[in-house]
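# coordinates only, sequence not included:
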């Protein structure tokens, strides 16, 4: 099996990671692929423009996943309309720190507001897929019921795609590992703030949290 270790492609011992590769106990977890990150408009409240490139590839991968009977969970950031979860309570740290790097984000207060167009999916969600619509901070596990959902489905391995690699994907990978799930991050189906931070996040995953592989390689292993 081919995988990536510290951003170098390596041949891995498939037998050593056989428990990571059982599709029957695996769920694909797709993170924050909604308009609040991906909309191509000047009022996008938390733009992740690099992730627009993976919308179609993620949809194609999910089609293959469904055909193999592997479960999919779509994660979406949603905040109460009154701002109690964020700007009218203790604001999320990124609202003050991220603009130091990217500059002012004019419509940031609208990010993830429940019922707004910014919470509409961009990737395709099919009726048989599972959804978690209560992500309010960086990890898909906090403060959501994702852990309950996965354990109730007897899931042992999570396969992560989406964005940002160095933010919500990395936080979710850490939390999944700390909850004792096996972690796989799909190198070709995540995007970070920039290539440097994307590479750093993937390197950390590969050293401390789980496997970094390309989606085609994972499909090959599942089919094999």
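Received the coordinates, thanks. Small disclaimer: the values here were computed from a predicted structure and weren't measured.

# could you say which helix or strand contains residue 73?
Element membership for residue 73, per DSSP states H and E: strand 71-77.

# what's residue 9 in contact with, if anything?
2-3 (Cβ atoms under 8 Å, 6 or more residues apart in numbering). Bear in mind the C-beta positions are built from the backbone N, C-alpha and C, glycine included.

# what about it, which SS state?
Of the three states, residue 9 takes strand under DSSP: H, G, I helix; E, B strand; the rest coil.

# any idea how far it lies from residue 191?
19 Å (Cβ to Cβ, to the nearest Å).

# And for the residue nearest the centre of the chain, nearest residue in space, chain neighbours not counted?
Closest to where the C-alpha atoms of the chain average out (Cα atoms, centre = their mean) is residue 31, at 3.1 Å. Distances taken as Cβ to Cβ, 6 or more residues apart in numbering place residue 162 nearest to residue 31, at 3.4 Å, with adjacent residues excluded.

# Where does the one you found sit, in terms of helix or strand?
Assigned by DSSP H and E, residue 162 falls in strand 157-163.

# So which bits of the helix or strand following that strand are buried?
Once strand 157-163 ends, the next helix or strand along the chain (criterion: DSSP H and E) is helix 170-178. Applying a neighbour-count criterion of 16 or more other Cβ atoms under 10 Å, one finds 170-177 buried in helix 170-178.

# what about helix 170-178, average pLDDT?
Mean per-residue pLDDT for helix 170-178: 98.

# tilt between the helix or strand that it is followed by and helix 170-178?
Counting by DSSP H and E, the next helix or strand C-terminal to helix 170-178 is strand 182-191. Strand 182-191 runs at 170 degrees relative to helix 170-178, counting by axes from the mean of the first three to the mean of the last three Cα atoms, to 10 degrees.
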